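1. Please find the sequence and the predicted model below.
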Number of protein chains: 2
Amino acid sequence: MTESNLKYTGGILHLDGCSLRKLAQEYGTPLYVYSADRIKSNYKSYDDAFRNTDKIICYSVKANFNGAVIKLLASLGAGADVLSEGELFMALRAGIDPKKIVFAGVGKNASEIRQAVRNGICMLNIEGEQELEAVGEIVKQEKKTLNIAFRINPDIDPKTHPKIATGLKESKFGIPIRRALEVYKRAKGMENIRIAGVHLHIGSQITDTLPFKLAAESAVGFADRLAEEGIEVEYIDIGGGLGIGYENDDVSSPYDFAKVLESYFRGRPQKLILEPGRSIVGNAGYLLTRVNYIKQGANKNFVVVDAGFNDLIRPAMYGAYHNIMPVEESDETITADVVGPICETGDVIAKDRGIRGAKQGNILAICDSGAYGFSMSSNYNSRLRAAEVLLEGGKPRLVRRRETYEDLIRTEETR
Amino acid sequence: MTESNLKYTGGILHLDGCSLRKLAQEYGTPLYVYSADRIKSNYKSYDDAFRNTDKIICYSVKANFNGAVIKLLASLGAGADVLSEGELFMALRAGIDPKKIVFAGVGKNASEIRQAVRNGICMLNIEGEQELEAVGEIVKQEKKTLNIAFRINPDIDPKTHPKIATGLKESKFGIPIRRALEVYKRAKGMENIRIAGVHLHIGSQITDTLPFKLAAESAVGFADRLAEEGIEVEYIDIGGGLGIGYENDDVSSPYDFAKVLESYFRGRPQKLILEPGRSIVGNAGYLLTRVNYIKQGANKNFVVVDAGFNDLIRPAMYGAYHNIMPVEESDETITADVVGPICETGDVIAKDRGIRGAKQGNILAICDSGAYGFSMSSNYNSRLRAAEVLLEGGKPRLVRRRETYEDLIRTEETR
């Protein structure tokens, strides 16, 4: 919600000096707009905050897989955190150094593992014992060494620390910490497998630093335990998960994060791997949407916009909050639900909210839509997916065109 | 969950006589498979149940917009219920008679209304007063008459009838019934607008007939009230919404539905419009997925399959239940969560369920996936969308090929 690069000029909301109304007119709505300047400064906050720590910042591609966005991060020196063959493809295509790519995910298939081996990535984060067997088979076939880590599930009691109440013990991710040592030992004896790291990931949209402190303690402690067994690792991958302030700015920054982690990594032999995604691109993106109608229901108002949950699913799926700003400056507020055109009651972007500038034909900017926005979008209701524009020093560049009906049927096979 | 066209032959699950294992091998997984025979018999149940009622059965395209599926329904005489320009495009392309197309939705933009006018559809179901103004403008520009209905919100107290507890009064849809008469009168005087019907839609996945009885009462009563004002309508569109038995078969059939509605429509001047979607294609579709790994977590088992919520979002988004059958016949059951490869804790298809035949490499059939399956799928985690196969008399035909990485970047604009 940090809005420092947002400003009303002549009554119109500008992002990096570029009129959002003009963008909506030129490229149509719904439209995703990203600020390259903001992405850069978000990345640089990490780089700067951890300047005294030997590290790789692996951008979490799932947050936003637009090629131009990944390319921008590659140009800043970022690595990538990928979860599928598709993300690996996108990262390599954008010019990310394979030596800075980590590949996690509970369901990697043979083709995905093979691509990781062939491309010589930084490390493959193995999430289970059957996966280790699959990897063993593939490196044998490929006759090539693969760097691996195991993702360990630190099993931190969520009752003690409600912030991580995703209940790690119940989650599908990683290897339970009490079995992890045995699995590392097993991997140690395997051909073409080089044990490179320890991986941990404790959740998403975490807004204070305590969970990271616990995670770091756990990871570092485990690496020391491995060392006692003669297994020296090169990397400790602490995962991502730093949240952003959707509703307010009272969230931890990369600097707070660094302050907590630094002490654990000072003088250690391991390099730190970070996997930020949301905190790099989230507040750099805006979804522009047009007000099609103002509707009075039986006992509430509806602002009907042209973006539906096929465009931005976070409010419908997670009950997520997104700040909404009028592109045409206004002090007039109505209390309403902001709803999309999808034929489901759940297609609601904001509920019972005071909305400024909600006039038919006006444009609204749905803030903090740079992460998990376009990347989760679909063709539901046979709706075409939105276009994406990247502002580079305030100059717009179309980095994904709007879909056409031709795209909707492109993969259909017709007799 | 009706499984009459499913059978184990030689230990392998067959649909309409076709081996699902062979389909998974030939087309890969995840794979959507639809039975044309089942779609036909579902459609014919409606046609037969309402044989004594003058009607149009408008297939609700949002449930499944595959062109081959819509074409099949067009060949049976179905009309279409569409909600966007994209769905109108898909319906016309599949050969649905425009005179049998109804177009609803709260957020229609000018281009969508224009297409409805130009194609001379059966009727446009207007959902609000500002939309009526927009329609008035467009028919004036187009110099062409448009048939319209208003979608009325019957405002049935959800407390009295918990089955329709979607709380219509709170929903964005339709025009409150107490304002509807006034809006009809207003439309009556408008140029190039022909009042053709009354539209009502009370919800989705409704498994008993009481809500439909209340809806019919409301609609018929309102049509009579209109007649008193000299407004004679030709159609009463009662919407869709008949559910299917995801967990058990104890749900109302089109015959039960017809029994309730028939009496209201006997001898009436209006033609009945029905909008079934889920009950036509839902139980005709299966999502085939491969077991990649069996994982033991700290205190539960996970069956990790290769279909994620990007392929089938219903369990993650709505907590929906889908029956899961082993393609390789088996009596061995493990209690587990069936999870996908997406990196979110919520990527769960079944929770703490007894799963038969969950062995690495085996194929599972996720039942009742024909509706709101592929149509809601996305490229989240840069995953490629699945292929779709239609079984016609048991013979497979690829009706949508699997996406490639080329498809993932097709709309990206690169300098």
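-> Sure, I can see it.
2. Could you break chain A into its assigned domains?
-> Here the domain assignment for chain A is A:6-35+A:282-409, A:97-276, based on automatic domain parsing.
3. does the longest one come close to chain B?
-> Yes: with C-beta under 8 Å from any C-beta of the partner chain as the criterion, chain B is reached by domain A:97-276 at A:104-109, A:127-131, A:134, A:153, A:155, A:166, A:169-173, A:176, A:178, A:204. Backbone N, C-alpha and C define where each C-beta goes, glycine included.
4. before we move on, the earlier item: would you mind saying which of the domains of chain A lies nearest B:Phe89?
-> domain A:6-35+A:282-409 (5.0 Å; C-beta to C-beta).
5. For the lowest-mean-pLDDT helix or strand in chain A, what is the distance to the chain centroid?
-> When the helices and strands of chain A are scored by mean pLDDT, DSSP states H and E, strand A:175-176 comes last with a mean of 90. Centre-to-centre, strand A:175-176 and its host chain are 24 Å apart (C-alpha atoms, centre = their mean, to the nearest Å).
6. now for that strand, which elements pack on it?
-> strand A:146-153 (3 or more C-beta pairs under 8 Å, 6 or more residues apart in numbering or on different chains; DSSP states H and E).
7. picking that back up, put the buried members of the residues of domain A:97-276 next to chain B into a ChimeraX selection.
-> To isolate the buried ones among these in ChimeraX, judged by 16 or more other C-beta atoms under 10 Å in any protein chain shown, type:
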select /A:104,105,106,107,108,109,127,128,129,130,131,134,153,155,166,169,171,172,173,176,204
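8. Among the residues of domain A:97-276 next to chain B, name the ones in strands.
-> Among these, the members found in strands (DSSP state E) are A:153, A:176.
9. Report pLDDT for the one residue in the stretch 101-250 of chain A that gets nearest to chain B.
-> Across the stretch 101-250 of chain A, no residue is closer to chain B than A:Gly107, which sits at 2.7 Å (C-beta to the nearest C-beta). Looking at A:Gly107, its pLDDT is 93.
10. Next, the contact list for it, please.
-> B:292-293, B:304-306, B:308, B:339-341 (C-beta atoms under 8 Å, 6 or more residues apart in numbering or on different chains).
11. Quick check: which of the domains of chain A is nearest to B:Tyr59?
-> Using C-beta to C-beta, the domains of chain A put domain A:6-35+A:282-409 closest to B:Tyr59, at 13.1 Å.
12. Now stretch A:83-94: average pLDDT?
-> 98.
13. SS state for A:Ala196?
-> strand (DSSP: H, G, I helix; E, B strand; the rest coil).
14. Repeat that for A:Ala365.
-> Classified using three-state DSSP, A:Ala365 is strand.
15. Any idea how many residues pack against it?
-> By other C-beta atoms under 10 Å in any protein chain shown, 23 other residues sit near A:Ala365.
16. Could you do the one 3 residues further on as well?
-> Neighbour count of A:Asp368, defined by other C-beta under 10 Å: 26.
17. helix, strand or coil for it?
-> coil.
18. What of A:Lys40?
-> A:Lys40 ends up helix, using three-state DSSP.
19. again, but for A:Ile244
-> Secondary structure, three-state DSSP: A:Ile244 is coil.
20. Pull up the per-residue confidence for it.
-> At A:Ile244, the model reports a pLDDT of 92.
21. Now do the contacts for it.
-> A:1, A:205, A:251, A:278-279, A:282-283, A:368, A:371.
22. And A:Glu127, by the same measure?
-> Here A:Glu127 is in contact with A:104-106, A:108, A:150-151, A:173-175, B:295 (criterion: C-beta under 8 Å, 6+ apart).
23. quick check: angle from the longest helix along chain A to strand A:146-153?
-> Longest helix in chain A, counting residues (DSSP state H): helix A:210-228. Following axes from the mean of the first three to the mean of the last three C-alpha atoms, to 10 degrees, one obtains 130 degrees for the angle between helix A:210-228 and strand A:146-153.
24. I'd like the average pLDDT over helix A:210-228.
-> Helix A:210-228 comes out at a mean pLDDT of 93.
25. before we move on, what about stretch A:331-342?
-> 96.
26. In space, what's closest to the residue of the stretch 101-250 of chain A closest to chain B - neighbours in sequence excluded?
-> Residue nearest to A:Gly107 in three dimensions, not counting chain neighbours: B:Pro341, with 2.7 Å by C-beta to C-beta, 6 or more residues apart in numbering or on different chains.
27. So of the contacts of A:Gly107, which two are at opposite extremes in space?
-> Maximum distance among those (C-beta to C-beta): 13.8 Å, for B:Tyr293 and B:Gly308.
28. Mind checking which of these two has more residues around it?
-> Under the criterion of other C-beta under 10 Å, the comparison of B:Tyr293 against B:Gly308 puts B:Gly308 first, with 28 against 24.
29. what's near enough to touch the nearest residue to that one once chain neighbours are set aside?
-> Using C-beta to C-beta, 6+ apart and skipping the chain neighbours, the partner closest in space to B:Gly308 is B:Gly340 (3.3 Å). Contact partners of B:Gly340, counting by C-beta under 8 Å, 6+ apart, are A:107, B:304-309, B:311, B:347-349.
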